[in-house]
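Colleague: With the input below, show me the fold.
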Amino acid sequence: MLITIRFINMITHSTYVLASTSKSRYTILKNAGFNFKQVKPMCDEEKLKKKLKLKKNNPSYVAKKLSYEKAKSISETKTHYNKYVIGCDTLIYMNGKIFDKAKNINEAHEKIKALSGRKHKIVSGLTVCKKGQKVWGCSSTTIVKIRKINSLQINNYLQNTGKQILMSVGCYQVESLGPQIIEDIRGDFFNVMGLPLFKLLKFISTNK
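Modeller: Predicted coordinates for the structure are as follows:
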């Protein structure tokens, strides 16, 4: 991707909206130089996710649909109608099962135990909407392997991370203490953080 003055102006002088309350996604866009606002999506994410999983147990389909609904819900509002709204959703997929976020530390322990010593997929859906309509979308998959760790090591890890780890679908954050339990990452590092940045930048550079 060729970086030009025109491209830099696009991300620094155009106003975008991130339809997400994720700190990781906020950090990714901020560090990339985006001029944007962060707002909470106006849709029931958990209810919609359950409905989509019953319809089709396909992580790419579910993630893309959720990202679209998030972006659309903000793009339809009068305040953000003329802005580019970015919606994103990230899932974990392993052995034919889509994993949800852990609701408490005990669930986080069981999730890490299930992932221990194994590879899983991080699947993100990314959608950009404007005026209530989808203008672009994609999905991205990264393969992550968690080290083989025992219950004591998991407990120590969770004590160090605290409850903030419940915000991460995999109960690890690569930008924080995640490397303590991650053995290998194959694919987009930013996708593991929660937003496939390079694909978004490519869209902006070639379509705006």
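Colleague: where are the low-confidence patches of this structure?
Modeller: 1-10, 208 (pLDDT under 70).
Colleague: rerun at 80
Modeller: Low-confidence segments of the chain (pLDDT under 80): 1-14, 54, 207-208.
Colleague: Helices along that one, start to end?
Modeller: 5-13, 23-31, 45-55, 59-75, 105-115, 151-161, 189-193, 197-207 (DSSP state H).
Colleague: Can you say which of the ones you listed is nearest to residue 94?
Modeller: Residue 94 lies closest, by CB to CB, to one member of these: helix 105-115, at 7.1 Å. C-betas here are computed from N, CA, C, even on glycine.
Colleague: buried set for the closest one?
Modeller: The neighbour-count criterion (16 or more other CB atoms under 10 Å) identifies 105, 108, 109, 111, 112, 115 as the buried residues of helix 105-115.
Colleague: Dump the residues you listed into a markdown table; add distance to residue 146 as well.
Modeller: What follows is these, written out as a markdown table (distance: CB to CB, whole Å):
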| residue | distance to residue 146 |
| --- | --- |
| 105 | 17 |
| 108 | 13 |
| 109 | 13 |
| 111 | 10 |
| 112 | 7 |
| 115 | 4 |
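Colleague: Relative to the centre of this structure, pull out the residue lying furthest away.
Modeller: In terms of distance from the mean C-alpha position of the chain, residue 152 ranks first, at 28.9 Å (CA atoms, centre = their mean).
Colleague: if we can go back for a sec, from the buried residues of helix 105-115, pick the one nearest residue 36.
Modeller: Closest to residue 36, out of all of these and judged by CB to CB, is residue 108, at 30.0 Å.
Colleague: For the longest strand anywhere in the chain, output the C-alpha coordinates as PDB.
Modeller: Ranked by number of residues, the top strand in the chain under DSSP state E is strand 133-146. This file holds the C-alpha atoms of strand 133-146, laid out as PDB (Å, rounded to 0.1, in the frame of the first residue of the first chain):
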ATOM      1  CA  GLN A 133     -25.900   1.600   4.000                       C
ATOM      2  CA  LYS A 134     -23.000  -0.800   3.800                       C
ATOM      3  CA  VAL A 135     -20.200   0.600   1.600                       C
ATOM      4  CA  TRP A 136     -17.600  -2.100   2.400                       C
ATOM      5  CA  GLY A 137     -16.900  -5.200   4.400                       C
ATOM      6  CA  CYS A 138     -14.500  -8.100   5.000                       C
ATOM      7  CA  SER A 139     -13.500 -10.800   7.400                       C
ATOM      8  CA  SER A 140     -10.000 -11.700   8.700                       C
ATOM      9  CA  THR A 141      -8.700 -14.900  10.300                       C
ATOM     10  CA  THR A 142      -5.600 -15.300  12.400                       C
ATOM     11  CA  ILE A 143      -4.400 -18.600  14.000                       C
ATOM     12  CA  VAL A 144      -3.300 -18.500  17.600                       C
ATOM     13  CA  LYS A 145      -1.700 -21.200  19.700                       C
ATOM     14  CA  ILE A 146      -1.900 -21.100  23.500                       C
END
